[in-house]
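Could you work out the structure for the sequence below:
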Amino acid sequence: MAQLIIFRHGQSTWNLENKFTGWVDVALTPKGIEEAKQAGLKIKGYHFDYAYASDLQRAQNTLKLAIQASEHPPITPIYNKALNERMYGDLQGLDKTETTQKFGEEQVKIWRRSYDIAPPNGESLKDTAARVIPYFENEIIPKLKAGKNIVIAAHGNSLRALIMYLEKLTPQQILEFEIGTAQPRLYELDNEMNVLTSKNL
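Presented below is the predicted three-dimensional model:
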């Protein structure tokens, strides 16, 4: 049996400003830093053999702060852009309210909440899953099958793709799945990668 803990980064500056962030590399806010530390307290007492984050500083710093706060022995993290947030294309940097006024509430909802419709020049959740899942299968599953415990700090949509895969959810189910900032979720997995237990810490 192996343990996998995943969590979204703490609040970023563009979360605070209500902007579409995607692959733009923005920093954590003071609140986001505190959220990351709180996540660390929730994972205190768990042991990790490997730690992963995306290629974006808001996830990397959340991971670092959480591990420090958990008083876990030093661990060298592995960063990869396969775990990056969904690329929002032409919407990146735009205010979400202004975008709704410009394109209409229904269109923006389709871009944000449909599974396979991408915003202009961006990624759908299906596109995001097409890079997250192969990376998880090739890089992380062999370690879990070897009984290694793993922690991952990533983003709302890259984690949606992962949760959909782990929990065998439908596209509709995962789109309704809310992922709070810096809220650790623990999975206990058997050697066949079946989820034995899952819960928020």
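
tally of neighbours for the nearest residue to Val24 once chain neighbours are set aside?
Among residues not flanking Val24 along the chain, Gln92 sits closest, at 5.5 Å (CB to CB, 6 or more residues apart in numbering). Glycine gets a C-beta too; all of them are placed from N, C-alpha and C. Using other CB atoms under 10 Å, Gln92 has 18 other residues around it.

Kindly export the helix or strand where Lys109 lies (C-alpha atoms) in PDB.
Using DSSP states H and E, the element containing Lys109 is helix 105-113. Extracted as PDB, the C-alpha positions of helix 105-113 are listed here (Å, rounded to 0.1, in the frame of the first residue of the first chain):
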ATOM      1  CA  GLU A 105     -22.000  34.400 -19.000                       C
ATOM      2  CA  GLU A 106     -22.900  31.200 -21.000                       C
ATOM      3  CA  GLN A 107     -19.900  31.300 -23.200                       C
ATOM      4  CA  VAL A 108     -17.500  31.800 -20.300                       C
ATOM      5  CA  LYS A 109     -19.100  29.000 -18.300                       C
ATOM      6  CA  ILE A 110     -18.600  26.700 -21.300                       C
ATOM      7  CA  TRP A 111     -14.900  27.600 -21.500                       C
ATOM      8  CA  ARG A 112     -14.500  27.200 -17.700                       C
ATOM      9  CA  ARG A 113     -16.700  24.200 -17.000                       C
END
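
in stretch 185-196, what counts as buried?
Residues of stretch 185-196 classed as buried by neighbour count (16 or more other CB atoms under 10 Å): Arg185, Leu186, Tyr187, Leu189, Met193.

Could I get the contacting residues of the residue nearest to Val24?
Phe20, Thr21, Gly22, Trp23, Val24, Gly122 (CB atoms under 8 Å, 6 or more residues apart in numbering).

and which of these is nearest to Ala39?
Thr21 (19.0 Å; CB to CB).

Can you tell me the SS state at the closest one?
coil (DSSP: H, G, I helix; E, B strand; the rest coil).

From the buried residues of stretch 185-196, which one has the minimum pLDDT?
The lowest pLDDT within the buried residues of stretch 185-196 belongs to Met193, with 93.

Just list the residues touching that residue, thanks.
Met193 sits in contact with Ile141, Leu144, Lys145, Leu166, where contact means CB under 8 Å, 6+ apart.

are any of these buried, and which?
Buried, going by 16+ other CB under 10 Å: Ile141, Leu144, Leu166, out of the contacts of Met193.

Who are the packing partners of the lowest-mean-pLDDT helix or strand in the chain?
Lowest on mean pLDDT, DSSP states H and E among the helices and strands of the chain sits helix 171-175, with a mean of 88. Where contact means 3 or more CB pairs under 8 Å, 6 or more residues apart in numbering; DSSP states H and E, helix 171-175 is packed against helix 125-135, helix 156-167.

Which of the buried residues of stretch 185-196 lies at the shortest distance from Ile75?
Leu186 (17.4 Å).

If anything else comes up later, I'll come back, but that's it for now.
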